[in-house]
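Undergrad: fold the stuff below for me.
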Amino acid sequence: MNLSAYDITEVNVTDTSYIDAKTKMLYSKNLVYYPYYAFLHRYNSADKTNDYYLALLENVPDNIEGRTVIRTKKNTIKINLAPIWNNSSLRYIKGKVPLNIEVIKEENDGIIYALNI
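TA: Model prediction:
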């Protein structure tokens with residue numbers, strides 16, 4: 001999967017996706033399951049912050065640090081946000097907060113979501 005270019009689409013999956021600040025986890029029933037995930041970021045010069053992306057992958061490329069996706073018995077996907085927690089606005093979240101996730105690119109070996117934090 002080519003992770004260097006993104007095409008924007010109009011798909012939102014906010015209904016059952018949320019962040020739990022206590023566990024630093026993202027929980028979602030709407031994300032498509034792939035066995036691995038990786039965090040990507042791109043600098044946004046307009047507001048001088050990083051935009052974060054979640055790539056769910058069938059196989060992890062050699063140049064990216066991948067982690068294993070956790071899927072519960074109720075088919076909820078759990079993503080550990082600890083690697084990006086302190087470097088993003090996530091550090092200001094208290095409690096459980098709904099998360100807006102947009103599909104950026106979808107291919108047969110993975111999908112990239114924009115995390116609108």
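Undergrad: tell me which residues touch the residue nearest in space to the middle of the chain, please.
TA: The chain has L54 as the residue nearest its centroid, 2.9 Å off, counting by Cα atoms, centre = their mean. The contact partners of L54, by Cβ atoms under 8 Å, 6 or more residues apart in numbering, come to 26, 37-40, 79, 101, 112-113, 115. (Glycine included, C-beta is placed from N, CA and C.)
Undergrad: partners of the helix or strand hosting it in the sheet?
TA: Using DSSP states H and E, L54 sits within strand 49-57. Paired neighbours of strand 49-57 in the sheet (DSSP bridges): strand 36-44 (antiparallel), strand 110-116 (antiparallel).
Undergrad: all strands for the protein, in order.
TA: In chain order, the chain shows strands spanning 17-20, 25-28, 36-44, 49-57, 67-68, 70-71, 77-80, 96-98, 100-107, 110-116, with DSSP state E as the criterion.
Undergrad: relative to N87, which of the ones you listed is closest?
TA: Taking Cβ to Cβ, strand 49-57 is the member of these nearest to N87, at 7.1 Å.
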